[in-house]
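*Asks:* need coordinates for the below:
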Amino acid sequence: MSGTATGRIGIKVWSDYVCPFCMLAEGPLHEATRDLDVDIEWMPFELRPHPTPTLRPEDDYLPAIWDRAVYPMARRLGVDITLPTVSPQPYTRLAFEGYRYAAEHGRAAEYTPRVLRAFFQENRDIGEVAVLADIAAELGLDSADFAEALTSGRYTEAHRAALRDAEANRVSVAPTIIIDGRHRIEGVPSVAQIRKAVLDAQAEQEALGDAAPACGIDGC
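*Replies:* Residues are numbered from 1 along each chain as shown. Sure thing, here's the model as predicted:
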């Protein structure tokens, strides 16, 4: 579908790279929007930022939630996903700063799904700079410059600003999807949910664009 006169529909997805539901949300999101005029931006929402202790797969909580919720949903959606054995779970700040680098170099769309696959399908420690640099190289990025950007904190302030955006939007769960700044979906969406929200947003934009101009009593 072509864009309207008022522009493309922006979709922001707040997620964490150690959140299995964020990986499960990726498929419905892209299936629902593949023929629509949208811009998808992945936003950071660190579930357990440093120094909060991260979860350990050998404890009871993670296997229980995976057996109860993650694996059944993955089977329904046809997604290959396995509870990683990396222990404790990695912090994700560096992975998110890597996203900033990828976005600046035109690889944002490929970066997030690749990092999710690395963790949930390849059992790789995505908290390690070397692992993230290997992913960057796969995407055609300069792995040495990418690694230097992460170790030097080149994108730390941009990441912090993005986290403040999560606070401003009252994000409390991952994934949280906000379409055109108004339509909000929390949790793994269905294809129908996403598509309806985008089409509603497009209709709202078109209605605003068609509104007749007018002046108030105090002028224009």
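*Asks:* from now on I want contacts and neighbour counts done on CA atoms only, so please keep to that.
*Replies:* Will do.
*Asks:* give me the buried positions along the helix or strand encompassing A158.
*Replies:* Following DSSP states H and E, one finds A158 within helix 156-168. Counting neighbours by 16 or more other C-alpha atoms under 10 Å, one finds that the buried residues in helix 156-168 are 156, 159, 162-163, 165-166.
*Asks:* quick one, helices of the chain?
*Replies:* Assigned by DSSP state H, the helices in the chain fall at 20-33, 61-65, 71-77, 93-104, 108-120, 129-138, 143-152, 156-168, 191-210.
*Asks:* quick check: buried residues in the third one?
*Replies:* Of the residues in helix 71-77, those buried under the neighbour-count criterion (16+ other C-alpha under 10 Å) are 71, 73-74.
*Asks:* likewise the first one?
*Replies:* For helix 20-33, burial by neighbour count (16+ other C-alpha under 10 Å) applies to 20-29, 32-33.
*Asks:* need the mean per-residue confidence for that helix.
*Replies:* Helix 20-33 shows a mean pLDDT of 97 in the predicted model.
*Asks:* so what touches that helix?
*Replies:* Outside helix 20-33, the residues within contact range by C-alpha atoms under 8 Å, 6 or more residues apart in numbering are 15-17, 70, 73-74, 77, 79, 81, 113, 116, 120, 174-175, 187-192, 194-195, 198.
*Asks:* redo that, cut-off 6 Å
*Replies:* Residues lying outside helix 20-33 but in contact with it, judged by C-alpha atoms under 6 Å, 6 or more residues apart in numbering, are 15, 175, 188, 190-191, 195.
*Asks:* the bottom helix or strand of this protein by mean pLDDT?
*Replies:* helix 191-210 (a mean of 92; mean pLDDT, DSSP states H and E).
*Asks:* what's that one packed up against?
*Replies:* Other helices and strands packing on helix 191-210, by 3 or more C-alpha pairs under 6 Å, 6 or more residues apart in numbering; DSSP states H and E, are helix 20-33.
*Asks:* could you give the angle of the helix it packs on to helix 191-210?
*Replies:* Put simply, helix 20-33 runs at 50 degrees to helix 191-210, going by axes from the mean of the first three to the mean of the last three C-alpha atoms, to 10 degrees.
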